[in-house]
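In: Sequence plus predicted model, see below.
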Amino acid sequence: MASFCTDSCLSGMSQNEQAKIFRRIRTFLGEPVMGVELEDAHLEEAICMAIEEYSSYINNWVMQNRLGEMLGLPSDIDFTLKYVSN
């Protein structure tokens, strides 16, 4: 299976931690009531893709919130809480 990730996105986790995550995903998908025929490599690829997608959202958010700085607006204006309402 070809991987989109250059390195394993789970490389910082122990085998025990990876097995725990894979078990949680399989349980969420219906195991043991329904058989889940996914290999660990399939689950890891899905997790990598999700991490990449989430990272792109975070990077876009950071860029939007640093736009004022990039445009040379005064740094005393706090844009970080502009989406927070009471």
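Out: The structure has been received and is ready for your questions. Since the model is a prediction, treat every value here as computed from it, not as a measurement. Residues are numbered from 1 along each chain as shown.
In: Now do the contacts for the residue positioned nearest the centre of the chain.
Out: Closest to where the C-alpha atoms of the chain average out (CA atoms, centre = their mean) is I51, at 2.6 Å. Going by CB atoms under 8 Å, 6 or more residues apart in numbering, I51 touches C9. Any C-beta I mention is one placed from the backbone N, CA and C, and that applies to glycine too.
In: which helix in the protein runs the most residues?
Out: Identified as the longest helix of the chain according to DSSP state H is helix 40-65.
In: pLDDT averaged over that helix, what's the number?
Out: Taken as a whole, helix 40-65 has a mean pLDDT of 89.
In: Can you name the next helix or strand after that helix?
Out: Remark: after helix 40-65, the chain's next helix or strand is helix 67-70, criterion DSSP states H and E.
In: quick one: buried residues of that next one?
Out: By 16 or more other CB atoms under 10 Å, helix 67-70 has no buried positions at all.
In: got the CA coordinates for it in PDB?
Out: The C-alpha atoms that make up helix 67-70 are tabulated as PDB, following Å, rounded to 0.1, in the frame of the first residue of the first chain:
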ATOM      1  CA  LEU A  67      -2.300  38.500   8.200                       C
ATOM      2  CA  GLY A  68      -2.300  41.800  10.100                       C
ATOM      3  CA  GLU A  69       1.300  41.300  11.100                       C
ATOM      4  CA  MET A  70       2.300  40.500   7.500                       C
END
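In: Give me the packing partners of it, helices and strands only.
Out: Of the remaining helices and strands, none touches helix 67-70 by 3 or more CB pairs under 8 Å, 6 or more residues apart in numbering; DSSP states H and E.
In: Please state the offset of it from the chain centre?
Out: Chain-centre distance of helix 67-70: 26 Å, with CA atoms, centre = their mean, to the nearest Å.
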